[in-house]
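Asks: sharing a model that was predicted from the sequence below.
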Amino acid sequence: MRQTSGLGLCGWVCWLLGLVAGIVAYSLAQGAVGVIGALLVGLAVGIFIGLVLSALFCKAAQPVQPVSAPVTQAGVVQNTSDQPAAQMDDGAAARAAAEAKHAEETAAAAPVQEAVAPKAVVKQPAKPAAQKTAAKKTAAKTAATKTTKTKPSTAAAKPASKGGGEKKPRTLSAPRKSGADNLKLISGVGPKLEQTLNELGFWHFDQIAKWGAEEIAWVDSRLRFKGRIERDDWMAQAKILAAGGETAFSKKSKKA
């Protein structure tokens, strides 16, 4: 059989496509790079595409060598048929001897592997001890964190028990420029209480509306009539009056 000479049809087609791609790249790059730069770009693109296509699609199109194996095999068959049976027996004996040697080598190599295996087995029992020590360390850490977490909670609980004391609210040394509010519009506040509240620094409704439990205790301890602030709910009335609204008591007092 004849061999395929040259690149073959597949190779020519691949390089033709590479040439077309190089021309297209040259025309596209001519305006941006110039004639020489576009020529280099076109060559590079054409060669690259030609190599890639020929490597991908033209591997199967290799030159076909003349078939001579059947002839040689036939000759070998004929030659072996002419040889005496004694030579065939010698070849079988040689093969048997080679297989025996191979079996001996594999048998000699097997004990070496078996002897190496127990070393890994001896090292494994050390892992549980390491795991136990690691577990003890983690348990100790968790216990330490629990103790550290419980201590701040107890420490924080102590100030909470003391928080039922008094706290001075924000006071003013004088009323604002807009003038003092009429605190007598709050139910439970008379002229005397208004005077004492002004002396303590309270002139406006929004000051009273911001009182909490501790501020109420501070003011209540300085009034003659203790318990009246919470009983008459001065804070709720002060919020309404500070927002410009009116309560039932303030309406009555204005009519009077």
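Replies: Thanks, I have it.
Asks: quick one: contacts for the nearest residue to Leu43 once chain neighbours are set aside?
Replies: Sequence neighbours aside, Gly22 is the residue nearest to Leu43 in space, at 6.1 Å (criterion: CB to CB, 6 or more residues apart in numbering). (Glycine included, C-beta is placed from N, CA and C.) If you count contacts by CB atoms under 8 Å, 6 or more residues apart in numbering, Gly22 has them with Gly42, Leu43, Ala44, Val45, Gly46, Ile47, Ile49.
Asks: so is the fourth one in a helix, a strand, or just coil?
Replies: Right, Val45. helix (DSSP: H, G, I helix; E, B strand; the rest coil).
Asks: show me what contacts the spatially closest residue to it that is not a sequence neighbour?
Replies: Sequence neighbours aside, Ala25 is the residue nearest to Val45 in space, at 4.0 Å (criterion: CB to CB, 6+ apart). Listed by CB under 8 Å, 6+ apart, the contact set of Ala25 reads Ala38, Val41, Gly42, Ala44, Val45, Gly46.
Asks: tell me the contacts of the fourth one?
Replies: Under the criterion of CB under 8 Å, 6+ apart, the neighbours of Ala44 are Gly22, Ala25.
Asks: can you pull the buried residues of the host helix or strand of Leu39?
Replies: Leu39 belongs to helix 35-57 when assigned by DSSP states H and E. Buried residues in helix 35-57, defined by neighbour count with 16 or more other CB atoms under 10 Å: Ala38, Leu39, Val41, Gly42, Val45, Gly46, Ile49, Gly50, Leu53, Ser54.
Asks: name the residues of the host helix or strand of the residue nearest to Val45 that come out as buried.
Replies: Using DSSP H and E, Ala25 falls within helix 8-33. The neighbour-count check on helix 8-33 (16+ other CB under 10 Å) flags 10-11, 14-15, 17-19, 21-22, 25-26, 29-30 as buried.
Asks: what's the answer for stretch 201-214, then?
Replies: The neighbour-count check on stretch 201-214 (16+ other CB under 10 Å) flags Phe202, Trp203, His204, Phe205, Gln207, Ile208, Ala209, Trp211 as buried.
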